[in-house]
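Student: Prediction below, plus the sequence it came from.
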Amino acid sequence: MEDYLRKLIDKGSAYSDARYHYQRGSSISLVNGVVAGKTSWVSEGYLVRSFNNGLLTVFSSNEPKVDKLVIKSKSWETGFKPAAPINKNVIVPQVKPMSDASVEEKVKMLQEIDARVRSEKLNSKLIRFNISLFEFIERRAFHNSEGTFSYIERPGLWLRYSMVLENKGETISMWSDELGALGGLELLDKWNIHAELIEKVKSLDNILINGRAPPTGKMDVVVSSLIAGIIAHESTGHPFEADRVLGREAAQAGKSYLGYLAAGKFASEAVNVSDDPTIPGSLGFYLVDDEGIEARKKRLIVNGRVNELLQSRFTAYKMNAEPNGSMRSMDYQSEPLIRMSNTFFEPSNMKLDELIRDVRNGIFLKSYMEWNIDDIRWGQRYVGLEAYEIRNGEVGNPVKYPVLEASTGEIYSSIDAVDDELRFYAGMCGKGEPSQAVPVWMGGPDMRIRNIRVKKLGE
């Protein structure tokens, strides 16, 4: 493969790289215990980039012949940062290979999960339960004109589910894609799916039956690691993409609030946010990016201050910075873009009990039913699904659908403490035009936000 990719490289350009990208996937979906669909797909091809005299040219094809490649031209790039050659190869292991179980065995496993969830005694009625298992394997080989060669094989699983409960004409629903990682069938045991789903259906039942209107006004809010993850991804990760800061995505996705800040500090000293593609087993795992730059942890916010951005060779050239291994592509047809990998708030040494103990009047926001954010990533909104009152340092009754709506600056400057439990959740990150979706993790610890406004849904 290295020899073939070497032939594809344009040796007359200032910089050129070639990538082979193979993907195979399959899924099984059940609706109320009945198989609703089985799918499979394969994507395989090559992409070659060449940069010379201010023009980046991109070739892509599913045919292994250069003369059949399709040409796309880009002129936004004006120069690039060179890098020393590296050689890294990694194959993510499967302790229990996905091929060890037949499709019929996997269907039976999902039906057993469905039956276990339905057997739970509830005060409401579970009227719909959907569950899907996705399997995938990805292989990438990369070579560039600087002499870098890398290869990675990434097998993985993703479990997604949704449920709807009803009581006296009122319904409550949830959808989740939180369980996803690299590896094999051993992940299904690691996730403890039965316990996970029983806890979810019980919490929804409790909210539907016992939930009351939330308190409103300014108060302290403790958000779970799940909420912390979506906040980190949406209001740090995306606005810290250097191409977005420079305006390359302005027409399609918007700009970044970083272009409007007068100072580099907009958060409290308790806020530290990182992006790290080197976490083993994570959906965002890689060791060399799609530009041949060695991956490393990026500390985006340190003690409340902007520390670094996610950079490519070309944005680093424009900003007099260094590329930091942040370029990924969805498939062989897609140009690499600056992407997040695993984005998260850093933990501290506190415990969740300590965060809650110091709250006199507030809310514990454990999961969300919806979120929104504006196109510069400054104004954001989260509507709670599983949420509880906090009274005098203790978690109390469930409350229905509190709304946390504030600016990024208000939220980040009001975070005064985080706990020591770092958890990650699977997700898909969208970017680009045409859109590219790549798998990521997002997460963090539980966090306390002081004196922030809470509203009722509909206000």
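Tutor: Perfect, thanks for sending it. Numbering: from 1, shown residues only.
Student: Okay, and the closest residue to M442 other than its chain neighbours sits in which element?
Tutor: Excluding the flanking residues, the one nearest M442 by C-beta to C-beta, 6 or more residues apart in numbering is G229, at 3.6 Å. Any C-beta I mention is one placed from the backbone N, CA and C, and that applies to glycine too. Assessed by DSSP states H and E, G229 sits inside helix 225-232.
Student: Give me the helices and strands touching that helix, please.
Tutor: Contacts defined by 3 or more C-beta pairs under 8 Å, 6 or more residues apart in numbering; DSSP states H and E place helix 225-232 against strand 342-345, strand 368-373, strand 379-384, strand 423-431, strand 436-444.
Student: one more time with 6 Å, if that's ok
Tutor: strand 342-345, strand 423-431, strand 436-444 (3 or more C-beta pairs under 6 Å, 6 or more residues apart in numbering; DSSP states H and E).
Student: wait, doesn't the residue nearest to M442 sit right on R423?
Tutor: No - with contact defined as C-beta atoms under 6 Å, G229 does not count as touching R423 (7.9 Å).
Student: The two: which has the busier surroundings?
Tutor: Set side by side, G229 and R423 show unequal neighbour counts under other C-beta atoms under 10 Å, the larger going to G229 at 26 against 17.
Student: residues contacting that one?
Tutor: G229 makes contacts with 425, 442-444, as judged by C-beta atoms under 6 Å, 6 or more residues apart in numbering.
Student: distance of the closest residue to V223 other than its chain neighbours from V403?
Tutor: Leaving aside its sequence neighbours, V223 sits nearest to L365 (C-beta to C-beta, 6+ apart; 4.8 Å). As judged by C-beta to C-beta, to the nearest Å, L365 and V403 stand 10 Å apart.
Student: Would you mind telling me which of the two has the busier surroundings?
Tutor: Counted by other C-beta under 10 Å, L365 and V403 do not tie: L365 has more neighbours, with 28 against 19.
Student: Backbone torsions only: list them for the more buried one.
Tutor: Phi and psi for L365, reported as degrees, to the nearest 10, are phi -100, psi 110.
Student: who does it bridge with?
Tutor: Using DSSP bridges, the bridge partners assigned to L365 are V223, A387.
Student: from here on, count from 15
Tutor: Sure, I'll start numbering at 15, so the last one becomes L379.
Student: Tell me who's in contact with it.
Tutor: L379 touches 235, 237, 241, 398, 401, counting by C-beta under 6 Å, 6+ apart.
Student: so, if you compare those residues, which one comes nearest to G407?
Tutor: V235 (14.5 Å; C-beta to C-beta).
Student: so that closest one makes contact with I466?
Tutor: Yes - contact criterion C-beta under 6 Å: V235 and I466 qualify, at 5.5 Å.
Student: number of nearby residues for L201?
Tutor: 22.
Student: my guess is it meets G170, correct?
Tutor: No - judged on C-beta under 6 Å, L201 makes no contact with G170 at a distance of 7.9 Å.
Student: and stretch 306-319, how far apart are its ends?
Tutor: Terminal residues of stretch 306-319 are spaced 29 Å apart (C-alpha to C-alpha, to the nearest Å).
Student: where does A129 land in three-state SS?
Tutor: helix (DSSP: H, G, I helix; E, B strand; the rest coil).
Student: ok, now the one 5 residues further on?
Tutor: On the three-state scheme (three-state DSSP), E134 is labelled coil.
Student: where does the protein dip in pLDDT?
Tutor: Counting by pLDDT under 70, the ranges of the chain that qualify are 78-90.
Student: again, only using 80
Tutor: For the chain, the stretches with pLDDT under 80 are 15, 78-91, 265-266, 276-278.
Student: Which parts of it belong to which domain?
Tutor: Per the TED database, the domain ranges recorded for the chain read 15-218, 231-470.
Student: For the first one, measure first residue to last.
Tutor: Criterion C-alpha to C-alpha; first-to-last residue distance in domain 15-218 is 51 Å.
Student: re the thing from before, any chance of the domains of the chain in CSV, with distance to N224 too?
Tutor: As requested, the domains of the chain are exported to CSV (distance: least, C-beta to C-beta, whole Å):
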stretch, distance to N224
domain 15-218, 9
domain 231-470, 6
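Student: for those domains, which one sits closest to G225?
Tutor: Across the domains of the chain, G225 has its closest neighbour in domain 231-470 (4.0 Å, C-beta to C-beta).
Student: in stretch 55-70, what counts as buried?
Tutor: 59-65, 70 (16 or more other C-beta atoms under 10 Å).
Student: nearest to K120, of those residues?
Tutor: G59 (28.4 Å).
Student: ok, the residue lying closest to the closest one once chain neighbours are set aside - contacts?
Tutor: In this structure, G59 finds its nearest non-sequential neighbour in Y346, 3.4 Å apart by C-beta to C-beta, 6+ apart. By C-beta under 6 Å, 6+ apart, the contact set of Y346 is 35, 59, 61, 74.
Student: ok, what's across the strand from the last one?
Tutor: Spelled out, that is S74. Here S74, judged by DSSP bridges, has bridge partners L61, V84.
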